[in-house]
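**Student:** Pasting the sequence and the predicted model now:
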Amino acid sequence: MSEEKKQPIPEEDQPQEAPKQEAPQAEETAEKTEKSGKAKKKKEKAYSFTREQVEQMELAAKQLESVKEQFVRLNAEYDNYRKRTLKEKDALYQDAKADTVKEFLAVYDNLERAVKTEGDDDSPHKKGLEMIFHQFQELLAKLGVTEIAAQGQPFDPERHNAVMHVDDESLGENTVAQVFQAGFMLGDKVVRHAIVQVAN
């Protein structure tokens, strides 16, 4: 071989490698961006409606508003109905409870009379009656039944039932002088009026 062949070929004379294909990828990306931009522009295109279509849309909006108002009204009516029903149920329960308690008040009266009778305080029968009477009073208290305060109180026609009148200078006008039969309340409701004697 000759020396010319052995010598390295200068870089200028060496065959050039093909350039990397970055430019085509950049072009493709640019093309995609342009296409997506065009697509967005197409999506943002303004629509035009006919007068008839606009009227139909307005009518649909009015109907929707009307349905919404009906729904709100119906919801409010149902809520009122639910509250009213619960109130009625509670009132029915309280009335039934008051009627039941009223039937047992005769037993209360008899026990009270038996305890107040004169006799030997050490008698086992009297002590037994007192225990039963106190137990009965506790039972009424647990049910929410309270005795109406009457003795020495101003006369209240909503709670007291006056059957007698007496003149007594030691008591004020329209004051309860004596209680013949105790009255009872269940919460705010009068179960039985107190039968009383009113002074002056």
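**Tutor:** Yep, that arrived.

**Student:** mind listing the strands in this protein by residue range?
**Tutor:** Applying DSSP state E to the chain gives strands spanning 145-147, 160-166, 175-181, 184-186, 189-192, 194-199.

**Student:** List the buried residues of the first one.
**Tutor:** For strand 145-147, the buried set under the neighbour-count rule, 16 or more other C-beta atoms under 10 Å, comprises residue 145. Any C-beta I mention is one placed from the backbone N, CA and C, and that applies to glycine too.

**Student:** packing partners for that strand?
**Tutor:** Judged by 3 or more C-beta pairs under 8 Å, 6 or more residues apart in numbering; DSSP states H and E, strand 145-147 is in contact with strand 184-186.

**Student:** ditto for the fifth one
**Tutor:** Secondary structure elements in contact with strand 189-192, counted by 3+ C-beta pairs under 8 Å, 6+ apart, are helix 51-116, strand 184-186.

**Student:** switch to 6 Å and redo it
**Tutor:** With contacts taken as 3 or more C-beta pairs under 6 Å, 6 or more residues apart in numbering; DSSP states H and E, strand 189-192 sits against helix 51-116.

**Student:** domains for this protein, by residue range?
**Tutor:** Here the domain parsing of the chain from automatic domain parsing is 55-143, 146-200.

**Student:** Can you give me every residue that contacts residue 125?
**Tutor:** Residue 125 is in contact with no residue at all, counting by C-beta atoms under 6 Å, 6 or more residues apart in numbering.

**Student:** Tell me how far residue 188 lies from residue 98.
**Tutor:** Relative to residue 98, residue 188 is positioned 11 Å away (C-beta to C-beta, to the nearest Å).

**Student:** one step back: residue 46 is nearest to which of the domains of the chain?
**Tutor:** Nearest to residue 46 among the domains of the chain is domain 55-143 (15.8 Å), distances taken as C-beta to C-beta.

**Student:** quick check: mean pLDDT across that closest one?
**Tutor:** For domain 55-143, mean pLDDT rounds to 91.

**Student:** just stretch 190-200 next, same as before
**Tutor:** 91.

**Student:** Quick one: end-to-end length of it, please.
**Tutor:** In stretch 190-200, first residue to last residue: 25 Å (C-alpha to C-alpha, to the nearest Å).
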